[in-house]
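Participant: Just to be clear, the model below is a prediction. Sequence and coordinates:
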Amino acid sequence: MKNSFFIATLVAATALAQTPSNLVVEGVPVFPETLVEKVRPYLEARIAAFEDWNPARPEMVILTRFGNTSQLHVVKMPGGARKQLTFFPDRVIGARFRPSDPNTIVFSKDVGGAEFFQLYRFDVPTGEVTLLTDGKSRNTSPHFSRDGRWLAYASTRRSGKDTDLYVIDPVQPQSNRMVLQVEGGGWSPSDFSSDGKQLLVHNTISAAQSELYLLDLATGAKRMLTPKGALVAYENARFSRDGSDIYFLSDEGSEFSRLTRLHLADSGKTVLTHEKWDVDEFDISHDGKRIAYITNENGIGVLHVMDEATGAAINIPQLPIGIVAGVRWHPNNRLVGFTISSSKSPADAYSLDVDSGRIDRWTESETGGLDPSRNIDSQLVTMKSFDGTTISAFVYRPDPARFPGKRPALMVIHGGPEGQSRPGFLGRNNYWVNELGIALVFPNVRGSAGYGKTFLSMDNGYKREDTIKDIGTVINWIKNEPALDGNRIGVSGGSYGGYMTLATMTHYNDQMRAAIDVVGIASFITFFQNTSAYRADLRRVEYGDERDPQMHAFLERISPLSSASKITKPLMVVAGYNDPRVPYTEGQQIVKAVRANNAPVWWLMAKDEGHGFAKKANQDYQFLATTEFLQQYLLQ
């Protein structure tokens, strides 16, 4: 038995060390078996995300991974077994029970990370799966009517660019019909009225600006509910139970997003929340009497429940400190489901019984046999940037008893650009802190969400490189920290964070040891030429319109590709062949340019992935390659 176990372990280790056939790998060495064995437990952590409640009983549908990708599972009680429902080679990304029907789930899935999402009907008793959309276009934002008869969603099927609105009876896919033809890629349905005759419609213009409309489904008449041209963000609009009001999140008249009620008869507005932080999301109980909402307080998620009629807060127990998301009421109007993650715990599904105050943890995701209490809590630090603006970062410091002396630091820059680094579970990245003694620094530079709309817009257009100056401030902070080694600083980032990583290298190459660019923009000009058509206009609002000659010249000047000759330190670049956002050609061209400088460059591209790796086998290889890269170029 011992020999059989040894052989199985050796075979598994060898499989990890080899290059999967679906990966294009250049410059990456073969991993030592010792590295594979050390890292292995960190690769086996998983997460579970609450998706929806069974409408007939207190059971959850969740997303978790037991194979290579995340799939749908049912959990029938807190701590109960996770019964897998779907078994696709590609990820499932979301699911909703059909209201009042415990036997029907609608879910979304793409192929190879290309993000051409299709909607499917899943029959719970039989396991039968039925395609509801055309199998070709991008279909997003599904919303059921209250009675479950109709499903509204947005689709690019007409033009490949515009997200028109459609309505379908998921039991009769042939009923599919377009209800609103639009121009632009930011349109989506938001909610049905109780009688199913009207639809709230959302149009995103940018992270700082959006619009709300009321659509009459019988006549097609569209009424604008928000001021035309106002620089205000509106999100998550919902009808009241009787249809006389709508609720939404808005930063109108405030730095932060607040829960607001609009009376449809006279357009009168009432602000319902007054915390000095963004309200990230909310949900209204099925009887309309209670509202649960989540505030983002310096990256920490805080759950609140209010009485809808009086606005009074309902006392609830304090949840575990971490990131709270996905809040959703059960039809019994007592249970609220959500997901929590923290430095000490992977994302897991929870519920709160508002009447009794009972908190239940429905899943307890595995951590590869490792004790999660060993994981380091983050430290929030603030610093003044070049112009006096306060920026912040979450810092994970290695245990000084185990790693004495000055430790190397890796800056990890979030994407977006209007994203936010928050103190959640590091997952496999805990290996770098716990076993290699690398400090991880997650900056929130200007342009990050969560700190007010003025801060969010401070990097727009010609102010783009002010964010790079903020990174210079972070570098100086690291250099002045007694426990950190200012001579061993690396930088990593994904998507827009990949652009920031490359830009950091063109500005601060001499102060860096190494860089890791994951699906990042190398040239804004070629990015706009090659990104998917439905995304281009939304990105132009953020980055600037490259069709304007002056802006074109500016974007070309600040693009890392234009200054690639300045990058002489080791660079690792990761891309997905099917990426619809930042095409893999962005990675290819920066690899070619930096290799011309005789700098060490590692290139990793997955043929079956898109904007980041979703399949576990690919994630494992990427992490091993990244770890080896850090050991060679940051730790030495």
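Facilitator: Happy to help now that I have it. Everything numeric here is computed off the predicted structure, so don't read it as measured data.
Participant: all helices for the protein, in order.
Facilitator: Secondary structure of the chain (DSSP state H): helices located at 2-17, 33-43, 430-434, 453-456, 466-480, 496-508, 524-530, 533-543, 549-558, 584-595, 616-633.
Participant: hang on, F256 packs against K276?
Facilitator: Yes. Between F256 and K276 a contact is recorded at 6.6 Å, counting by C-beta atoms under 8 Å. Heads up, the C-betas are built off the backbone N, CA and C, glycines and all.
Participant: nearest to T295, of the helices of the chain?
Facilitator: Of all the helices of the chain, it is helix 453-456 that lies closest to T295, at 15.6 Å by C-beta to C-beta.
Participant: Apart from its chain neighbours, what residue comes closest to G326?
Facilitator: Distances taken as C-beta to C-beta, 6 or more residues apart in numbering place T339 nearest to G326, at 4.7 Å, with adjacent residues excluded.
Participant: Is the one you found in contact with A325, as I believe?
Facilitator: Yes. T339 lies in contact with A325 (C-beta under 8 Å); the separation is 5.2 Å.
Participant: quick revisit: specify which residue of F256 and K276 has the higher count of neighbours.
Facilitator: Neighbours were counted for F256 and for K276 using other C-beta atoms under 10 Å; F256 has more, 20 against 10.
Participant: Tell me the pLDDT of the more buried one.
Facilitator: F256 is assigned a pLDDT of 95 by the prediction.
Participant: OK, contacts around it?
Facilitator: By C-beta atoms under 8 Å, 6 or more residues apart in numbering, the residues touching F256 are 275-279, 452-453.
Participant: Go through those and flag which are in strands.
Facilitator: Counting by DSSP state E, the contacts of F256 place 278-279 in strands.
Participant: Buried subset of the contacts of F256, written for ChimeraX?
Facilitator: The ChimeraX selection below is limited to those of these classed as buried (16 or more other C-beta atoms under 10 Å):
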select :277,278,279,452,453
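Participant: Looking at the contacts of F256, which one is closest to K197?
Facilitator: The shortest approach to K197 among the contacts of F256 belongs to V279, at 28.7 Å (C-beta to C-beta).
Participant: low-scoring stretches of the stretch 451-600 of the chain, by residue?
Facilitator: Of all residues in the stretch 451-600 of the chain, none has pLDDT under 70.
Participant: Contacts only, for the residue nearest the centre of the chain.
Facilitator: Residue closest to the average C-alpha location in the chain (C-alpha atoms, centre = their mean): G419, at 8.2 Å. By C-beta under 8 Å, 6+ apart, the contact set of G419 is 448-449, 496-497.
Participant: which of these lies closest to R402?
Facilitator: Looking at the contacts of G419 and their distance to R402, the nearest is G497, at 28.8 Å (C-beta to C-beta).
Participant: Next up, phi/psi of L217, please.
Facilitator: With angles defined as degrees, to the nearest 10, L217 sits at phi -70, psi -20.
Participant: Would you enumerate the residues in contact with it?
Facilitator: Each residue near L217 by C-beta under 8 Å, 6+ apart is listed here: 167, 179, 196-199.
Participant: if we go to 10 Å?
Facilitator: L217 makes contact with 145, 150, 152, 165, 167, 177, 179-180, 192-193, 196-199, according to C-beta atoms under 10 Å, 6 or more residues apart in numbering.
Participant: Any figure for the gap between it and V167?
Facilitator: According to C-beta to C-beta, to the nearest Å, L217 stands 7 Å off from V167.
Participant: Next: L231.
Facilitator: Distance, L231 to V167, by C-beta to C-beta: 31 Å.
Participant: about what we covered before: and for L217 and V167, which residues touch both?
Facilitator: Among the neighbours of L217, those also in contact with V167 (C-beta under 10 Å, 6+ apart) are 145, 150, 152, 177, 179-180, 192, 196, 199.
Participant: For those, which PyMOL command selects only the ones that are buried?
Facilitator: Here is the PyMOL command that selects the buried residues among the shared contacts of L217 and V167 (16+ other C-beta under 10 Å):
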select buried, resi 145+150+152+179+180+192+196+199
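Participant: which one among the shared contacts of L217 and V167 gets closest to K136?
Facilitator: Distance to K136, by C-beta to C-beta, is smallest for R177 among the shared contacts of L217 and V167, at 17.7 Å.
Participant: Hmm, I168 and that closest one touching each other?
Facilitator: Yes. Between R177 and I168 there is a contact at 7.5 Å, judged by C-beta atoms under 10 Å.
Participant: neighbour-wise, which of T339 and A325 wins?
Facilitator: Per other C-beta under 10 Å, whichever of T339 and A325 has more neighbours is T339, with 24 against 19.
Participant: Select the longest strand from this structure.
Facilitator: Ranked by residue count under DSSP E, the longest strand found in the chain is strand 484-494.
Participant: Adjacent strands (with direction) for that one?
Facilitator: Paired strands of strand 484-494, with direction, are strand 407-413 (parallel), strand 514-518 (parallel) (DSSP bridges).
Participant: most packed of these?
Facilitator: With neighbours taken as mean count of other C-beta atoms under 10 Å, these reach their highest mean count in strand 514-518, at a mean of 28.
Participant: So in terms of bridging, what pairs with the nearest residue to Q84 once chain neighbours are set aside?
Facilitator: For Q84, ignoring the flanking residues on the chain, the nearest one in space by C-beta to C-beta, 6+ apart is H73 at 5.2 Å. Beta-bridge partners recorded for H73 (DSSP bridges): I62, Q84.
Participant: next one: R328
Facilitator: R328 forms beta bridges with G337, as assigned by DSSP bridges.
Participant: Give me the pLDDT value at the residue nearest to the centre of the chain.
Facilitator: 91.
Participant: now L63
Facilitator: 97.
Participant: distance of it from N430?
Facilitator: Relative to N430, L63 is positioned 22 Å away (C-beta to C-beta).
Participant: Please apply the same query to A515.
Facilitator: In this view, A515 and N430 are 21 Å apart by C-beta to C-beta.
Participant: Then E546?
Facilitator: In terms of C-beta to C-beta, E546 sits 40 Å off from N430.
Participant: returning to that earlier point: among the contacts of G419, which pair sits farthest apart?
Facilitator: Farthest pair in the contacts of G419, by C-beta to C-beta: A449 and G497, 13.6 Å.
Participant: where do the contact lists of these two overlap?
Facilitator: Common contact partners of A449 and G497 (C-beta under 10 Å, 6+ apart): 414, 416-417, 419.
Participant: Out of those residues, name the two that are farthest from one another.
Facilitator: Across those, the longest distance by C-beta to C-beta is 8.3 Å; it joins H414 and P417.
Participant: and the chain, what are its domains?
Facilitator: What automatic domain parsing lists as the domains of the chain is 19-29+377-633, 141-274.
Participant: Ok, which of those comes nearest A309?
Facilitator: domain 141-274 (11.1 Å).
Participant: which residues touch the closest residue to K344 other than its chain neighbours?
Facilitator: The spatially closest residue to K344, leaving aside those adjacent along the chain, is P372, at 5.1 Å (C-beta to C-beta, 6+ apart). Residues counted as contacts of P372 (C-beta under 10 Å, 6+ apart) are 45, 342-346, 365-366, 425, 430.
Participant: could those go into a markdown table alongside neighbour count?
Facilitator: A markdown table is the format used below for the contacts of P372 (neighbours: other C-beta atoms under 10 Å):
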| residue | neighbour count |
| --- | --- |
| A45 | 19 |
| S342 | 23 |
| S343 | 19 |
| K344 | 17 |
| S345 | 20 |
| P346 | 22 |
| S365 | 20 |
| E366 | 16 |
| F425 | 23 |
| N430 | 23 |
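Participant: ok so, going back, L231 and V167: who's more crowded?
Facilitator: Between L231 and V167, counting by other C-beta under 10 Å, V167 is the more crowded of the two (22 against 13).
Participant: for the more buried one, which residues make a bridge with it?
Facilitator: For V167, the beta-bridge partners under DSSP bridges are A152, R177.
Participant: before we move on, what about L484?
Facilitator: Note on L484: beta-bridge partners by DSSP bridges are R407.
Participant: Just list the residues touching it, thanks.
Facilitator: The contact partners of L484, taken as C-beta under 10 Å, 6+ apart, are 395, 397, 406-409, 439, 441, 477-478.
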